[in-house]
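Enquirer: Let's see this in three dimensions:
(2 chains)
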There are 2 protein chains.
Amino acid sequence: MTHSPSSIRINEQRFKTNFEALSRIGATAAGGVHRPALSAADLEARAWFRERIEAAGLEYACQRPTGDAAGNQSAVLRGNRADAPHFLLGSHLDTVPNGGRFDGALGVLAALEVLQTIKEAGYIPVVCLEAINFTDEEGAHLGLLGSRALTGKLTSADLGHPNLGVEEFESGLSRLGLTRDGILGAYREPGMIAGYLELHIEQGPTLAESGEEIGIVTAIVGIRRLRLRFIGRADHAGTTPIPRRRDAGRAACTFTAHAWEAVLRDFTDCAINVGNMRFEPGIFNVVPAAVTLDLELRASSKQGLAALYDALVHLAQQESKEAEVELEITLAEDIPPATMHPTVQPVLIECAVAAGYTYRSMPSGAGHDAQSFADICPTGMIFIPSVAGASHSPKEFSHWQDCVNGADLLLQAALELAHVPT
Amino acid sequence: MTHSPSSIRINEQRFKTNFEALSRIGATAAGGVHRPALSAADLEARAWFRERIEAAGLEYACQRPTGDAAGNQSAVLRGNRADAPHFLLGSHLDTVPNGGRFDGALGVLAALEVLQTIKEAGYIPVVCLEAINFTDEEGAHLGLLGSRALTGKLTSADLGHPNLGVEEFESGLSRLGLTRDGILGAYREPGMIAGYLELHIEQGPTLAESGEEIGIVTAIVGIRRLRLRFIGRADHAGTTPIPRRRDAGRAACTFTAHAWEAVLRDFTDCAINVGNMRFEPGIFNVVPAAVTLDLELRASSKQGLAALYDALVHLAQQESKEAEVELEITLAEDIPPATMHPTVQPVLIECAVAAGYTYRSMPSGAGHDAQSFADICPTGMIFIPSVAGASHSPKEFSHWQDCVNGADLLLQAALELAHVPT
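Expert: Alright, predicted model coming up:
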């Protein structure tokens, strides 16, 4: 099978100007971006994005300036039939705290650029093409909030346990003119979703080290986020003999050290992260009464994720018993692994080959909005290299030529998959 | 040598009424007390204490309603000569966050009760007797602040590194009408300090388990407080291969687990506590960029403390090197071990025996204001049993009869050591 790329290309200069303008919203002294979902910077980015959509002559297709009922913001290029299903190209404009400029932003801007390029070329797609900015991919409040709401994967129960608590969440939503009760209204019938493509930086070192220009994603790992609460007893740290202590901190640290040993020994295909530990009362001379530990598990298969979960929960129970502390486990998030569509991957490969890019097929260790779509429509993802693999940090960087390559590949794949007559 | 106790006794009912009234200031729902130094509750306790001093007909001997230049509050019963040196009886009214009712408060109220009892008996001491409430024994800002300022052990450098930062410290001081620059003005010439006695709960289980009624303290352990900062790199927790991570949290937890192993194996006479760990940025999906760990070491000899310090610093350096993270160590506090005075201990023992109390000589694992005085005047400490050894917790409890025994022993020892003609 051979494939000829269309003759149109994205507008590199316009794409770069947009990228630089967006990078200034929430910019940090360290050269990164601090733009958590629902923050003031996120609001500013939304206003800017809406203005860009309208300046591009595209349709801003949301009821509110800040987006749909879940805060998702869309630009639409109507197809032959204005009520045809939508083929979505998207990512997210929010960042982790003190994150980088590329994660999420690149994919949203590339999607916008693709629509603008197709519109300017005078092409009319068969389906409607939509460039979308999803709310809170990073999980300041609830990971993949926007894409899960849109695809019907978010439950009322999820909305009752946001990461920073209900009060913070509602206060953030109110800034966008949204309510917690309204969020599930962002749902769309699967029949109205023709497909989904996402361009993203790899966020790992694999492509940068191998020298390949493009990654075609095969599957997105599943993520399980647990909150382990070790509950001991506050005691004077100078007078309580060590064997009599019920030290929640010691139990949490021993668990963490042993969890790492277990992962390195038995789960070499998986990854974990202990992202936070909060000590109570948290002072020098008091034995920690309680420690809350944020643990994240990642695996590319359901079986792998289940086995990792079982092993670490068992270990936490053992350590707690030994340290004579109580253990409470809360499942904060549970996102199953997602396989990319078997018909989309070959199209992405053909387009990459036709454009002369070197590529590799690879799993994604990071979660992405694409996983919300994997089981309801043809879904695919394109990676470009991250220098040194740095991500979720101000040091996150991709060479601009790689960004352009990725956006051009997104354009070619969109033309092909959305059956745009060229 | 035999010893006849004087016929006077403290007023149990008044002592108890005062104790209960003070327990209500900063009382928590859990039955404890939250009264950190320089807090609103501390201010309220100071106002109450001053009122009690004046109601007792004693002299409130401070320039300000809130105390001297370091916030220490004193009641004085003048001796034959009004300008004679002062024999101090004291402790502190501040508590750890969510602490108990007895720690500190008991000693201050017993000191007040002793002066009031002696005054009512019409006895005139040779030296001046002083009951004193020291500022911030627990170290909300700077441990033993008041007693160290009074004895000249606090330096300007110490004042530059309070535990919650300079801004919080100065804001707390301003509530008391004090300034950071003025604190060292609380210093008194050693020649004006005739001696120091302190009654305190044991805060450990030794007396409660052995059934003895009184502990005569032999030495107070030295305390070294370190802040270890492990500095790694923020990275995406799903995409950064484990061997490439520089995980500050993993290094801090592994250090903690190994530090405990080393203490249990090589330093069985010492104690440590990892009271707090603060993760940055502290979220599920970012490899911790930095962790600040609050480590406390305790040992009853200078040599023991130095050896423990060397071993743990070496271990932290090793772990950091292995995890490829940077390590910064700050010495937040360094209080040398303090031996109680060899002439005071026998007097306390004679008084205890004469009163018919069972007793044991024992070291104090906790730090106390008494250690500020140990090298400048005859200094002694009396312990009473703590039920189950619980302390720095709402569960802190001592039987009231033990509190009365301790206060009566403080009275007898004060009469003897301050040469009060009875």
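Enquirer: Over the strand or helix carrying residue A:354, what's the mean pLDDT, rounded is fine.
Expert: Using DSSP states H and E, residue A:354 falls within helix A:344-355. On average, the pLDDT along helix A:344-355 is 96.
Enquirer: For that helix, which helices and strands make contact with it?
Expert: strand A:214-220, strand A:359-364, strand A:379-384, helix A:400-417 (3 or more Cβ pairs under 8 Å, 6 or more residues apart in numbering or on different chains; DSSP states H and E). For the C-beta atoms, the positions are set from N, CA and C on the backbone; glycine is no exception.
Enquirer: And those: which comes nearest chain B?
Expert: strand A:359-364 (7.6 Å; Cβ to the nearest Cβ).
Enquirer: That closest one vs helix A:344-355, what angle?
Expert: 150 degrees (axes from the mean of the first three to the mean of the last three Cα atoms, to 10 degrees).
Enquirer: what lines up beside strand A:359-364 in the sheet?
Expert: Strand pairing for strand A:359-364, determined by DSSP bridges: strand A:214-220 (parallel).
Enquirer: pLDDT value on the residue lying closest to residue A:6 once chain neighbours are set aside, please?
Expert: Nearest non-adjacent residue to residue A:6, counting by Cβ to Cβ, 6 or more residues apart in numbering or on different chains: residue A:422, 4.7 Å away. pLDDT, residue A:422: 70.
Enquirer: Tell me which residues touch residue A:422, please.
Expert: A:6, A:8, A:121, A:123, A:415 (Cβ atoms under 8 Å, 6 or more residues apart in numbering or on different chains).
Enquirer: rerun that using 10 Å as the cut-off
Expert: A:5, A:6, A:7, A:8, A:118, A:121, A:122, A:123, A:415, A:416 (Cβ atoms under 10 Å, 6 or more residues apart in numbering or on different chains).
Enquirer: what's the distance between stretch A:54-64 and the middle of its chain?
Expert: 24 Å (Cα atoms, centre = their mean, to the nearest Å).
Enquirer: what residues does that stretch touch?
Expert: With Cβ under 10 Å, 6+ apart, stretch A:54-64 has contacts from A:14, A:18, A:46, A:49-53, A:67-69, A:71-78, A:82, A:86, A:112-113, A:115-117, A:119-120, A:128-132, A:176-178, A:185-186.
Enquirer: Quick check: phi and psi on the most centrally placed residue in chain A?
Expert: For chain A, residue A:368 is the residue whose C-alpha lies nearest the centre (Cα atoms, centre = their mean; 3.7 Å). Here is the backbone geometry of residue A:368 (degrees, to the nearest 10): phi -150, psi 160.
Enquirer: Quick check: it vs residue A:383, distance?
Expert: 10 Å (Cβ to Cβ, to the nearest Å).
Enquirer: what do these two both touch?
Expert: Common neighbours of residue A:368 and residue A:383 (Cβ under 10 Å, 6+ apart) are A:198, A:200, A:203, A:217.
Enquirer: Among those, which are located in strands?
Expert: A:198, A:200, A:217 (DSSP state E).
Enquirer: Just list the residues touching residue A:306, thanks.
Expert: Contacts of residue A:306 by Cβ under 10 Å, 6+ apart are A:222, A:224, A:297, A:299.
Enquirer: and which of the residues you listed is nearest to residue B:152?
Expert: Nearest to residue B:152 among the contacts of residue A:306: residue A:297, at 55.8 Å, using Cβ to Cβ.
Enquirer: Excluding chain neighbours, what is closest to the closest one?
Expert: Closest to residue A:297 by Cβ to Cβ, 6+ apart is residue A:224, at 4.5 Å.
Enquirer: Ok, residue A:143 next?
Expert: residue A:333 (5.6 Å).
Enquirer: Residue A:153: neighbour count?
Expert: If you count neighbours by other Cβ atoms under 10 Å in any protein chain shown, residue A:153 ends up with 18.
Enquirer: what about it, distance to residue A:111?
Expert: Relative to residue A:111, residue A:153 is positioned 21 Å away (criterion: Cβ to Cβ).
Enquirer: now residue A:415
Expert: For residue A:415, the distance to residue A:111 - Cβ to Cβ - is 13 Å.
Enquirer: okay, and the common contacts of these two?
Expert: Common neighbours of residue A:415 and residue A:111 (Cβ under 10 Å, 6+ apart) are residue A:129.
Enquirer: Among the two, which residue is more densely surrounded?
Expert: A direct count of neighbours by other Cβ under 10 Å for residue A:415 and residue A:111 places residue A:111 higher, at 28 against 23.
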